[in-house]
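> Make a model of this:
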Amino acid sequence: MRINDVSEQESEQLLQPLFAHQLQPKYRFVHHWAEGDVLMWENIGTLHNAVADYRENEHRLVKRCQVMADFVFSEEFRLSSRPDYSLPKSEALESGIS
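Residues are numbered from 1 along each chain as shown. Here you go, the predicted model:
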């Protein structure tokens, strides 16, 4: 992974402190599974990694669901360059967001 438009070395220098910060143990949660467990997380701001801690005859069932909501992000985020999170134009006009 690297940042475009800067040298590989500069990209590495910028990214390494960010990676080191987010991977600190104080931000880590490790789940020890028991039969019947259900685990949910918010997928936008969460890094997740499945550890193959189950035997070959055990199954790991993963299902993804997406909750549709009228308002999830700040106005600044919704109006950013991520159009998939923006309100439809008619809703934006009704809510006073231009």
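> Could you measure from the residue positioned nearest the centre of the chain over to residue 9?
The centroid of the chain falls nearest to residue 44 when counting by C-alpha atoms, centre = their mean (2.2 Å). Distance of residue 44 to residue 9, given as C-beta to C-beta, to the nearest Å: 30 Å. Backbone N, C-alpha and C define where each C-beta goes, glycine included.
> same thing with residue 21?
20 Å.
> go on, residue 37?
44 Å.
> What segments of the chain are helices?
For the chain, the helices defined by DSSP state H occupy 8-22, 75-78, 89-94.
> Local confidence estimate at the residue of the chain most remote from its centre?
For the chain, the residue at maximal distance from the C-alpha centroid (C-alpha atoms, centre = their mean) is residue 57, at 30.4 Å. pLDDT, residue 57: 88.
> can you check residue 95 too?
pLDDT at residue 95 comes out at 47.
> doesn't residue 2 make contact with residue 11?
Yes: counting by C-beta atoms under 8 Å, residue 11 does reach residue 2; the two are 4.1 Å apart.
> one step back: same list (the helices of the chain) but as TSV, adding mean neighbour count and distance to residue 65.
Formatted as TSV, the helices of the chain follow (neighbours: other C-beta atoms under 10 Å; distance: least, C-beta to C-beta, whole Å):
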stretch	mean neighbour count	distance to residue 65
helix 8-22	11	25
helix 75-78	12	22
helix 89-94	11	23
